[in-house]
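Undergrad: quick one, fold the following:
(chains A and B)
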Amino acid sequence: MKLRLIRRDAASRLAMFASPVLALALTCLASLVLFAALGKPAGAALHALLLKPFLSWYSFSEVLLKMAPLLLIAQGLAIGFRANVFNIGAEGQFIVGALCASAMPVYFPQGDLPLMLPTMIAAGALGGTVYALIAAALRTRFGASEILVTLMMALIAVQILNYLLLGPWKDPRGFNFPQTVMFPDNALLPILFDGTRTNISLIFSLLASVFAYLIMQHHFRGYQLRTAGLAPRAALYAGFSAPRMVWLGLGIGGLAAGIAGASEVAGPLGQLQRSVTSGYGYAAIIVAYVGGLNPLGIIASSFLISVIYIGGDSATVSAGLPVAAVEVFQGLLLFFYLLTFTLIRYRVELDRKVPA
Amino acid sequence: MSGLEFLLAGTLAAALPLLLAALGEMVVEKAGLLNLGLEGMMAIGAAIAFICVYHTGSHFVGFLGAAAVSTLTALLFAALVIGVQANQVASGLAIGVLGLGLSALFGKSYESLTIQGLPKLGLLGLSEIPLIGPTLLTQDIVVWVSIGMTFGLWWVLNRTKLGLVITAVGENPEAARAIGYPVSLIRLYAVAFGGAMCGIAGAYASTVYTPLWADGMIAGRGWIALALVVFGTWQTGRVAFGALLFGILSLGELTAQAMGIGLPSQVLSSLPYFVTILMLVVISRRKLRSA
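TA: Just a heads-up that it's a prediction; the model follows:
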């Protein structure tokens, strides 16, 4: 007698809502146990992680600030993931986007470049896209796994960043810190709400979400991408070009990550510095999955993950938790999501051997 | 100590965490799975090993504890991938993030504490040989054991039935299942083995190579190990050779100075990744042609 997983013919709507909620509940439970076992005030920690961000307008605005890049990158990645194109190097495309955007204010530090901000965003978008498309070229031309290529390219991007910050782009009056000059005012994104750091990149991200929703659910290209992911052979029979799906999947992911990278340096950072590589590209993968790879779900999951980031900051103060608690929470959330999603999506069946 | 002596003495130790983690992952991949969580499994191994050695003073306990906890972490991956057939890429990343987070959480109160490393031992009086004797041939016990283990793994994979079965499970699971091999169970063992090796690799990094715990101390070694498996084209000998090569590279800046190379250190640091992409292209192209 064996247990077998049988895929349900139709994933129930219930499953789509139930699994993230169940995953969140299990994550809270597991973290409570873990924090308590480490002798931390578990209740206070969870309160700080999940509720504190809602208790003041400023911390809520910080949630929205974090949400902008996560949402944008995750929407881009999810389109690829649904076509079984696994771009896991969004961190690299994000960094390259930030680098390309930073080139403008670094070489025109007085801001004497017309259309500074649009040029930066365009440069970031182009940089991120091209960087991701290298993986698409290697995959379609040689069959090299985009999983490993994008990952390796992300690690290379960190080295390029280090090189520029320690060498040619280092601010000559920056006391030898690895960072560029502070950007001029016309290289900074307009603030959305006075007195906060939330900028208009949140609008980009929300627009991108609408766009992703329309493409994936209502456009033929989205149908092709989804088919390529769910039933690659059917897609092939239908004459959908497999290489085109790879180019598209990686290109969109790179584009989104590049714009997010540009917005990060033109937004909260206001200069290029090492902290630009703070793991948004990896966290966005978690966001994409926990959002069920669904454009609307991803809006919710990016909000949730951002709440946990900001909550994690306050938990370091109020509950004495290290910042790493955020990573633990994210890891647990994705773990439980993958666990519950499959269990809801599949039926468990007993496979009885028929007596001969 | 001259640059050459420094390299001879340091390379094996620098290569060791990469080698062990890569050999573990190689077995996982041979069995047909891909676990991207190496970095996290190494980190948690490193933290646990440091904590164990700090409290017991015994490296043996440290390595054992690290292997056990990293295996448990790997079993979480197995639960997702083998148990409920979840997506491998996402599952590996979940384990990676979780492992990194847990290592920082557990290790927090041990930062800036110190422990004893392990003494270096010469091999059978060979340390009398000039130049390589006191450098290359004087290493700690873990290095010697690991070299033996590498040969052992090569033997198991290439000369025993078990090795054939693992390869069969990876290359043609349906056929292996039809013959009657328990595919899921063999994969489970492979994942557990991969976890244990990552744990030992992490333990070496935090209790022998640099006997201290710091958040983020694995510093990308897990990713390099992942690259190493591709670089070594899933063959024990080549993975070991690659580990030595990447080990030298990871001595990065110091090596460059020793060799009088004026390149920025970032070029050396990113060399393993470039080489891996290149290898990937070469291998995939060959497969594409023969198909």
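
Undergrad: strands of the chain, residue ranges please.
TA: Answering for chain A, as no chain was given. With DSSP state E, the ranges of strands along chain A come out as A:2-7, A:346-351.

Undergrad: if you could check chain B rather than the one you did, that'd help
TA: Using DSSP E, strands in chain B cover B:120-122, B:138-140.

Undergrad: which parts of the stretch 101-250 of chain B sit against chain A?
TA: B:101-106, B:108, B:215, B:220, B:223, B:226-227, B:230 (C-beta under 8 Å from any C-beta of the partner chain). Backbone N, C-alpha and C define where each C-beta goes, glycine included.

Undergrad: skipping adjacent residues, who's closest to the residue minimising distance to the centre of chain A in space?
TA: Chain A has residue A:284 as the residue nearest its centroid, 1.7 Å off, counting by C-alpha atoms, centre = their mean. Excluding the flanking residues, the one nearest residue A:284 by C-beta to C-beta, 6 or more residues apart in numbering or on different chains is residue A:73, at 3.7 Å.

Undergrad: surely that neighbour meets residue A:263?
TA: No. Using C-beta atoms under 8 Å, residue A:73 is not in contact with residue A:263; the gap is 10.5 Å.

Undergrad: comparing these two, which residue is more hemmed in?
TA: More crowded of residue A:73 and residue A:263, by other C-beta atoms under 10 Å in any protein chain shown: residue A:73, with 37 against 28.

Undergrad: what's the neighbour count on the nearest residue to residue B:222 once chain neighbours are set aside?
TA: Distance criterion C-beta to C-beta, 6+ apart; nearest residue to residue B:222, sequence neighbours excluded, is residue B:39 at 3.0 Å. By the other C-beta under 10 Å criterion, the neighbourhood of residue B:39 contains 29 residues.

Undergrad: against residue A:327, how distant is residue B:39?
TA: Separation of residue B:39 from residue A:327 (C-beta to C-beta, to the nearest Å): 12 Å.

Undergrad: same check on residue B:221?
TA: Residue B:221 is 18 Å from residue A:327, by C-beta to C-beta.

Undergrad: try residue A:208
TA: 26 Å.

Undergrad: enumerate the residues of the stretch 251-356 of chain A near chain B.
TA: Counting by C-beta under 8 Å from any C-beta, the residues of the stretch 251-356 of chain A close to chain B are A:282, A:285-286, A:289, A:321-332, A:334-335, A:338-339, A:341-343, A:346.

Undergrad: for the stretch 51-200 of chain A, which residues are neighbours of chain B?
TA: Applying C-beta under 8 Å from any C-beta, we find that the stretch 51-200 of chain A lies next to chain B at A:86, A:88, A:138, A:142-145, A:147-149, A:151-153, A:155-156, A:159-160, A:162-163, A:166-167.

Undergrad: cutoff 10 Å now
TA: Residues of the stretch 51-200 of chain A lying near chain B by C-beta under 10 Å from any C-beta of the partner chain: A:81, A:84, A:86-88, A:134-135, A:138-139, A:141-149, A:151-164, A:166-167.

Undergrad: which neighbours do residue A:73 and residue A:263 share?
TA: A:94, A:97, A:205 (C-beta atoms under 10 Å, 6 or more residues apart in numbering or on different chains).

Undergrad: the second one touches residue A:76, doesn't it?
TA: In other words, residue A:97. No. Assessed by C-beta atoms under 10 Å, residue A:97 is found out of contact with residue A:76, at 11.2 Å.

Undergrad: which of the two has more residues huddled nearby?
TA: For residue A:97 versus residue A:76, the count of surrounding residues by other C-beta under 10 Å is larger for residue A:97: 37 against 32.

Undergrad: residue contacts, the more buried one?
TA: Contacts of residue A:97 by C-beta under 10 Å, 6+ apart are A:73, A:90, A:120-121, A:123-129, A:131-132, A:157, A:254-265, A:276.

Undergrad: how does it look with 7 Å?
TA: By C-beta atoms under 7 Å, 6 or more residues apart in numbering or on different chains, the contact list for residue A:97 reads A:124-125, A:127-128, A:257-262.

Undergrad: so which of the strands of chain B gets nearest residue B:28?
TA: strand B:138-140 (26.7 Å; C-beta to C-beta).

Undergrad: which neighbours does the closest one have in its sheet, and in what orientation?
TA: strand B:120-122 (antiparallel) (DSSP bridges).

Undergrad: quick revisit: put together TSV for the residues of the stretch 101-250 of chain B next to chain A, with distance to residue A:196, neighbour count and pLDDT on each row.
TA: Shown next, in TSV, are these (distance: C-beta to C-beta, whole Å; neighbours: other C-beta atoms under 10 Å in any protein chain shown; pLDDT from 0 to 100):
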residue	distance to residue A:196	neighbour count	pLDDT
B:101	28	25	95
B:102	33	24	95
B:103	34	33	96
B:104	29	24	93
B:105	31	23	92
B:106	36	22	92
B:108	31	18	89
B:215	30	17	89
B:220	35	16	87
B:223	36	23	90
B:226	40	26	92
B:227	41	27	89
B:230	45	25	89
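
Undergrad: in those, find the pair that's most separated.
TA: Going by C-beta to C-beta, the pair spanning those furthest: B:108 and B:230, at 34.1 Å.
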